[in-house]
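return a 3D structure for these sequence lines:
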Amino acid sequence: MELKRKAYDALLQWKKESNGTTALLIDGARRVGKSHLAEYFATKEYKSYILINFSKASKALKDIFLNDLMDLDLFFNKLSLMFGKELYTRQSLLIFDEVQRFPRAREAIKFLVEDGRYDYIETGSLISLKQNTKDIVIPSEEEHMELNPLDFEEFLWAMGDTVTVPLLRKCYDNLQPLGDAVHRKIMNSFRQYLLVGGMPQAVSEYATSKSFAKVDRIKKTILNLYRQDITRFAKGYESKVLAIFDQIPSQLSKREKKFSITSLSKDARTRTYEDSFMWLKEGMITNNCYNSTDPSVGLSMSLDETSQKLYMLDTGLLVTHTFKDDTYMTNELYKSVLLDKISVNEGMLMENAVAQAFRASGHNLFFYSRSDNENRENNLEIDFLLLKKGKICPVEVKSSSYTTHSSLDKYMKKFKGRHGQAYIIYSKDLQVKDNIVHLPIYMAMFL
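Presented below is the predicted three-dimensional model:
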């Protein structure tokens, strides 16, 4: 099935505003739908297109880029002949798929864009790794777009639901509760989204079969691809990257979700693992959230990169990663989680889903943590900090049974007059209480 993606509108805007003056690089983790989106866009918006997959490109094809760029008439004629596609001035698109596998093609974008005949979209994963940019000049004529897994609204579109999110937006804007019946219905849909996730292949399978077992097999395949990528491309420190990757579920299941480096080894030190954390971030496999130690002066200005939380790029993948060694039959496990009848750390899934929603909305991720070994009453941790309208807004993610928000109270007292609206995200209906906006988790995307 064809999935409707919000990124399609971004491609339309790029095509209209650029009018051939820039290429567009679509960056994202493996299997988020980059290649499919680019090709679908090409079929709908251009008279013809050529898709060059550099993970399969022959030597003869690569030689065209190495030898013929000085004569672009010859260059385009050879491509047209090789792919059996006629190219039309200002009506054709060339897609450089998996461009990180042949960096010289990315470097050629400068000359191709300056020529102005055609449009160019590049897609790739692990784009910013040093080995994929070594010895090339990154073209300034290149715009950049991140493609993330499907968000909750896109998931609902795949399920045939186009009416829920407009209603949610209206209630959010007016801070109006939905009512118990509607809230329960939407929470049921959101729990399905938590379990399935937003990877396009998994969503397509669930939309057609409603089989959690088939969805889980797809997600296991994706996780195995990530492990293979780590082994293949994180040369020299692949064991460290894999160790971090495998620890993500256990780290997120803790009350304090900061990644503990000593969980990898008693003698582990942050400086020896910093490249490994960065590899996962640049591969967009994780959403890294950094401690902002003094949010009164800004978030990036006071971040501590040695204190971070690692969320999975997709909560559905986190579910499969967490239960990969479980003895439950897949459908039994998923239905138990869906009905809240298993002792799984729901807070872990909810917090990961909120991080995923914030990244999809363009936020960089920050939290606030303060420890006082002499007086534990001074300890506090805020799950997320968002910059909204020039103010830093504290956000806490809570279970439905929570009774207090002491860390949030301490934070608002400490930064009184300097923080924006405070939010609690949880699994109940919208309400405003104690000057704190309590949002159901499916409204996190509006922040």
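
which parts of the stretch 101-250 of the chain are strands?
For the stretch 101-250 of the chain, the strands defined by DSSP state E, counting those that start in this stretch cover 119-124, 142-146.

could the ones you listed go into CSV alongside mean neighbour count, distance to Ala29 and mean pLDDT?
(Glycine included, C-beta is placed from N, CA and C.) Shown next, in CSV, are these (neighbours: other C-beta atoms under 10 Å; distance: least, C-beta to C-beta, whole Å; pLDDT from 0 to 100):
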stretch, mean neighbour count, distance to Ala29, mean pLDDT
strand 119-124, 26, 11, 96
strand 142-146, 15, 10, 95
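
as TSV, those with distance to Tyr206 would be great.
Formatted as TSV, the strands of the stretch 101-250 of the chain follow (distance: least, C-beta to C-beta, whole Å):
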stretch	distance to Tyr206
strand 119-124	24
strand 142-146	24
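
wait, which of the ones you listed is closest to Tyr46?
Smallest distance to Tyr46 across the strands of the stretch 101-250 of the chain (C-beta to C-beta): 7.3 Å, for strand 119-124.

just the helices in the stretch 251-400 of the chain please.
In the stretch 251-400 of the chain, the helices defined using DSSP state H, counting those that start in this stretch lie at 270-282, 315-322, 330-338, 346-360.

hmm, Ser18 is touching Leu11, no?
No: using C-beta atoms under 8 Å, Ser18 makes no contact with Leu11, being 10.4 Å away.

what touches both of the two?
Counting by C-beta atoms under 8 Å, 6 or more residues apart in numbering, the contacts common to Ser18 and Leu11 are Leu24.

looking at these two, which one has more neighbours?
Under the neighbour definition other C-beta atoms under 10 Å, Ser18 and Leu11 were set side by side, and Leu11 has more, 21 against 16.

that one is in what secondary structure piece?
helix 7-18 (DSSP states H and E).

next up, the contacts around Asp294.
Going by C-beta under 8 Å, 6+ apart, Asp294 touches 301-302.

before we move on, back to that, of all the strands of the stretch 101-250 of the chain, which one comes closest to Pro166?
It's strand 142-146; of those, that one is closest to Pro166 (C-beta to C-beta) at 25.0 Å.

packing partners for the closest one?
In terms of contacts (3 or more C-beta pairs under 8 Å, 6 or more residues apart in numbering; DSSP states H and E), strand 142-146 is packed against helix 7-18, strand 23-27.

can you pull out the low-pLDDT segments for the stretch 1-150 of the chain?
Counting by pLDDT under 70, the stretch 1-150 of the chain has low-confidence residues at 128-137.

on that earlier part again, lowest mean pLDDT across the helices of the stretch 251-400 of the chain, which one is that?
For these, mean pLDDT drops lowest on helix 330-338, to a mean of 61.

ranking the helices and strands packed on strand 142-146 by burial, who's on top?
Sort these by mean neighbour count, taking mean count of other C-beta atoms under 10 Å, and strand 23-27 sits at the top with a mean of 23.

and the strands of the stretch 101-250 of the chain: which comes nearest Tyr426?
Of the strands of the stretch 101-250 of the chain, nearest to Tyr426 by C-beta to C-beta is strand 142-146, at 28.0 Å.

max-length helix in this structure?
In the chain, with assignment by DSSP state H, the single longest helix is helix 212-233.

now that helix: average pLDDT?
94.

and that helix with helix 315-322, angle?
80 degrees (axes from the mean of the first three to the mean of the last three C-alpha atoms, to 10 degrees).

what is helix 212-233 packed up against?
Using 3+ C-beta pairs under 8 Å, 6+ apart: helix 212-233 touches helix 180-196, helix 200-209, helix 238-252, helix 315-322, helix 330-338.

and Asp180, how many neighbours?
Neighbour tally, Asp180, other C-beta under 10 Å: 10.

C-terminal to the helix or strand containing Tyr49, what's the next element?
Element membership for Tyr49, per DSSP H and E: strand 48-53. Using DSSP H and E, the helix or strand that directly follows strand 48-53 along the chain is helix 59-67.

which residues sit against that next one?
52, 54, 75, 78-79, 82, 102, 104-105, 108.

in that helix, what counts as buried?
Of the residues in helix 59-67, 61-62, 64-65 count as buried by neighbour count, 16 or more other C-beta atoms under 10 Å.

what's the answer for stretch 96-105, then?
Using 16+ other C-beta under 10 Å as the test for burial, stretch 96-105 gives 96-103, 105.

that stretch: end-to-end distance?
The first residue of stretch 96-105 is 8 Å away from its last residue (C-alpha to C-alpha, to the nearest Å).

distance between it and the chain's centre?
Centroid displacement of stretch 96-105 relative to its chain, using C-alpha atoms, centre = their mean, to the nearest Å, is 22 Å.

dump stretch 24-43 to PDB, restricted to CA.
Taking Å, rounded to 0.1, in the frame of the first residue of the first chain, the C-alpha atoms of stretch 24-43 are listed here in PDB:
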ATOM      1  CA  LEU A  24      17.900  17.900  -1.900                       C
ATOM      2  CA  LEU A  25      19.600  15.400   0.300                       C
ATOM      3  CA  ILE A  26      17.200  13.100   2.200                       C
ATOM      4  CA  ASP A  27      19.000  11.800   5.300                       C
ATOM      5  CA  GLY A  28      17.600   9.100   7.600                       C
ATOM      6  CA  ALA A  29      18.100   5.700   9.200                       C
ATOM      7  CA  ARG A  30      17.800   2.600   7.100                       C
ATOM      8  CA  ARG A  31      14.300   1.500   6.200                       C
ATOM      9  CA  VAL A  32      12.500   4.800   7.000                       C
ATOM     10  CA  GLY A  33      11.400   5.100   3.400                       C
ATOM     11  CA  LYS A  34      13.800   7.500   1.800                       C
ATOM     12  CA  SER A  35      14.200   5.800  -1.600                       C
ATOM     13  CA  HIS A  36      10.600   5.000  -1.900                       C
ATOM     14  CA  LEU A  37       9.500   8.500  -1.200                       C
ATOM     15  CA  ALA A  38      12.000  10.000  -3.700                       C
ATOM     16  CA  GLU A  39      10.900   7.600  -6.400                       C
ATOM     17  CA  TYR A  40       7.200   8.100  -5.700                       C
ATOM     18  CA  PHE A  41       7.700  11.800  -5.900                       C
ATOM     19  CA  ALA A  42       9.500  11.400  -9.200                       C
ATOM     20  CA  THR A  43       6.700   9.400 -10.700                       C
END
